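Peer 1: Sharing a model that was predicted from the sequence below.
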Amino acid sequence: MAKLVLLRHGQSEWNQQNIFTGWVDIPLSPKGIEEAFKAGQKIDHIPFDTIYTSTLVRAQMTLFLAMTHSKVGKVPCLIHDKDPKHQEMAKVHDPQVQKTLIPVFARAELNERMYGELQGLHKHDTLKKFGEEQYLLWRRSYHVNPPKGESLEMTAKRALPVFQGEIMEQLKNKKNILISAHGNSLRAIVMYLDRLSEQEVIKLEIPTGEPLCYDFRSDGRWVKEPVHHCNDAFKK
């Protein structure tokens with residue numbers, strides 16, 4: 001078995017202000033920082049082998065703050081694998097120290113849905129300007145995208161290949177994986193794991209700062225677990 005934990009970032013400053021964020025790189029709010037710490041306490045005994053995150057700061061803040069509560073004695077380390085020069089400059093020369101690091105890979109494919117011309121607009125003002133029907137189509141339909149933005153379907157088409165490729169390869173090798181990302185990129189992954197329909201996924205809510213845990217079994221099945229069961233499995 002391998003454990004997969006999905007973690008939506010904590011509340012951001014624009015979540016708090018009810019502003020469309022998308023790819024605008026906004027940090028966590030004070031509440032979001034607390035949510036990240038509490039999430040870390042819920043997964044503190046899981047020995048993650050690899051961590052994936054988006055390239056956006058709110059997801060990265062969440063994972064690093066959460067991992068400060070880890071009890072496994074390892075340190076998450078961002079790997080700049082898209083930048084060979086940085087990789088060479090950041091080389092660790094002690095093999096024993098290298099073993100104490102958890103590699104963290106940032107993938108833009110795991111970024112939040114890009115909301116196009118809605119980014120930076122207050123959601124309440126957008127609702128008043130365009131009406132409830134159009135607003136809900138942009139926010140909650142699977143296929144409809146906002147002006148110059150992405151639909152949930154488009155977000156899924158970029159997020160799932162990363163999950164089904166390099167992340168699944170590690171799960172098949174019995175590696176425990178943490179993914180710190182966003183409501184819509186994680187919604188796409190949960191749609192795949194739970195075999196949700198298009199109508200079911202648009203109703204799916206993934207709370208900020210609440211880890212979701214799955215067992216990946218050797219027979220290829222996914223089994224969703226309460227996060228405390230997942231964490232307790234590694235307590236001595």
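Peer 2: Structure received.
Peer 1: Surely residue 174 touches residue 1?
Peer 2: Yes: between residue 174 and residue 1 a contact is recorded at 7.2 Å, counting by Cβ atoms under 8 Å. Using the backbone N, CA and C atoms, a C-beta is placed for each residue, glycine as well.
Peer 1: Show me the helices in this protein, by range?
Peer 2: All helices of the chain, identified by DSSP state H, fall at 13-17, 30-42, 57-67, 84-89, 95-98, 123-130, 132-140, 152-162, 168-172, 183-193, 198-201, 227-232.
Peer 1: So what touches the longest one?
Peer 2: In this case it means helix 30-42. Applying Cβ atoms under 8 Å, 6 or more residues apart in numbering, the contact partners of helix 30-42 are 7, 9-13, 15-16, 28, 58, 61-63, 65-70, 208-211, 227-228, 231.
Peer 1: Ok, the fifth one next?
Peer 2: Contacting residues not belonging to helix 95-98 are listed as residue 92 [Cβ under 8 Å, 6+ apart].
Peer 1: Mean pLDDT and mean neighbour count for the helices of the chain - can I get that in JSON lines?
Peer 2: As requested, the helices of the chain are exported to JSON lines (pLDDT from 0 to 100; neighbours: other Cβ atoms under 10 Å):
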{"stretch": "helix 13-17", "mean pLDDT": "97", "mean neighbour count": "16"}
{"stretch": "helix 30-42", "mean pLDDT": "98", "mean neighbour count": "19"}
{"stretch": "helix 57-67", "mean pLDDT": "98", "mean neighbour count": "24"}
{"stretch": "helix 84-89", "mean pLDDT": "93", "mean neighbour count": "10"}
{"stretch": "helix 95-98", "mean pLDDT": "96", "mean neighbour count": "9"}
{"stretch": "helix 123-130", "mean pLDDT": "97", "mean neighbour count": "14"}
{"stretch": "helix 132-140", "mean pLDDT": "94", "mean neighbour count": "14"}
{"stretch": "helix 152-162", "mean pLDDT": "98", "mean neighbour count": "19"}
{"stretch": "helix 168-172", "mean pLDDT": "95", "mean neighbour count": "15"}
{"stretch": "helix 183-193", "mean pLDDT": "97", "mean neighbour count": "22"}
{"stretch": "helix 198-201", "mean pLDDT": "94", "mean neighbour count": "14"}
{"stretch": "helix 227-232", "mean pLDDT": "95", "mean neighbour count": "16"}
